[in-house]
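Colleague: missing the sequence, but the structure's below:
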Ligand SMILES: C[S@@+](CC[C@H](N)C(=O)[O-])C[C@H]1O[C@@H](n2cnc3c(N)ncnc32)[C@H](O)[C@@H]1O
């Protein structure tokens, strides 16, 4: 079992509203909450990566942030899911204007949604539109087979609850404008890692599908969920550049990190039910923690302890005794 460095500062739970939302997806298991920690990690490395590789991209909030904030020269996104891949292919290709127009012109209603989704998509751009639509009107943004349409939605707005055409078009346009710096590869994330892992200037952000203890609910989030995690650890550990893996906190994952002698940091986050949980961030180099913030937090706690102790000692001294434990 490996030792885990844990963030103790309750203020370091990221408020996702503070992170610019750049992805057109509302992605199950999306890592918006991790973005500030990824920024810390990249800043802790001794040089800016030339390429930032995100082989299990999904909604790609991390890669998009890296591109938009110029944290690496190039970003390479990879994804196996055909539907998700079609969105990235269209946004970064010639048909992006068609997709934006289709989104802006679509009149949202349950009938119109059913009419579109009951017809087979006949081209890549139609698959991309269907995917964006399904992501917005299906429960939890889930795109895997079996996902159902939202019923009531927020404020009883039903399928329109998460349909924001102008916002979507704006985000898509912003991504398209960065297309010189972002490339997309459809296929297996392992192969993408292999392509870059001898490159010392490539940094990897690896967020594979993972369901602790093989829980069924989690395995319904994506179409592709079967990953050989041991093989993934073995492969990424050979990378010559920096890498970050993110996982649910599970004994199996801690063991793998220990076996491959990697650093593990537990980062607090709030799940969809607003419960505080920890996610493991596993790296070969650098740190995702705001160490300065942690130091300030520890110093404040120590100050409070000292103040409480001295108040108590003053009180006890006035009664002729001393003690070193604080009263509260
Ligand atoms: C946890 S999600 C990534 C979420 C992403 N980090 C975000 O913020 O939106 C994992 C993704 O890996 C994809 N995936 C599953 N198996 C894959 C494989 N062998 N190669 C590439 N992608 C895969 C899934 O389709 C899913 O989109």
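Modeller: Cool, got the structure. Owing to the predicted nature of the structure, the values given are computational and were not obtained by experimental measurement.

Colleague: CA atoms for contacts and neighbours, from now on please.
Modeller: Noted.

Colleague: What parts of the stretch 151-300 of the chain come near the ligand?
Modeller: Within the stretch 151-300 of the chain, the positions near the ligand by Cα under 6 Å from any ligand atom are 187, 188, 189, 207, 208, 209, 222, 224, 225.

Colleague: Contact partners for the closest residue to the third one other than its chain neighbours?
Modeller: Nearest-residue entry for residue 189: residue 55, 4.5 Å, with adjacent residues in sequence omitted and distances by Cα to Cα, 6 or more residues apart in numbering. Contacts were defined as Cα atoms under 8 Å, 6 or more residues apart in numbering; by that measure residue 55 touches 76-79, 188-190, 192-193, 204-207.

Colleague: try it again with 10 Å
Modeller: 63, 76-80, 184-193, 204-208 (Cα atoms under 10 Å, 6 or more residues apart in numbering).

Colleague: Residue 281 too?
Modeller: Listed by Cα under 10 Å, 6+ apart, the contact set of residue 281 reads 4-5, 34, 37-38, 206-207, 244-249, 257, 263-267, 287-289.

Colleague: Paired strands for the helix or strand containing it, with orientation please.
Modeller: Element membership for residue 281 (DSSP states H and E) is strand 276-283. When pairing is defined by DSSP bridges, strand 276-283 lines up against strand 243-248 (antiparallel), strand 263-270 (antiparallel).

Colleague: Pipe those into TSV and attach mean pLDDT and mean neighbour count per row.
Modeller: Formatted as TSV, those follow (pLDDT from 0 to 100; neighbours: other Cα atoms under 10 Å):
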stretch	mean pLDDT	mean neighbour count
strand 243-248	96	21
strand 263-270	90	22
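
Colleague: looking at those, which is closest to residue 200?
Modeller: Taking Cα to Cα, strand 243-248 is the member of those nearest to residue 200, at 10.8 Å.

Colleague: Which SSE is immediately downstream of the helix or strand of the chain at the bottom of the mean pLDDT ranking?
Modeller: Lowest on mean pLDDT, DSSP states H and E among the helices and strands of the chain sits helix 216-219, with a mean of 60. Counting by DSSP H and E, the next helix or strand C-terminal to helix 216-219 is helix 229-236.

Colleague: which other helices and strands contact that following helix?
Modeller: Here helix 229-236 touches helix 189-196, strand 202-206, strand 243-248, helix 251-259, going by 3 or more Cα pairs under 10 Å, 6 or more residues apart in numbering; DSSP states H and E.

Colleague: Pull out the buried residues from that helix.
Modeller: For helix 229-236, a neighbour-count test (16 or more other Cα atoms under 10 Å) marks 232, 233, 236 as buried.

Colleague: what residues are up against the first one?
Modeller: By that I understand residue 232. Taking Cα under 10 Å, 6+ apart, one finds 189, 190, 193, 206, 208, 245 in contact with residue 232.

Colleague: May I ask you to confirm that the fifth one belongs to a helix?
Modeller: No. Per DSSP: H, G, I helix; E, B strand; the rest coil, residue 208 lies outside any helix segment and is coil.

Colleague: Am I right that residue 269 is in contact with residue 12?
Modeller: Yes. Assessed by Cα atoms under 10 Å, residue 269 is found in contact with residue 12 at 8.7 Å.

Colleague: got any ranges where the protein has weak pLDDT?
Modeller: Within the chain, the set of residues satisfying pLDDT under 70 comprises 1-3, 5-11, 213-219, 291, 293-295, 297, 321-328.

Colleague: what about the strands in it?
Modeller: 4-6, 51-54, 74-79, 182-186, 202-206, 243-248, 263-270, 276-283 (DSSP state E).

Colleague: is the ligand contacted by the third one?
Modeller: Yes. Under the criterion of Cα under 6 Å from any ligand atom, strand 74-79 makes contact with the ligand via 78, 79.
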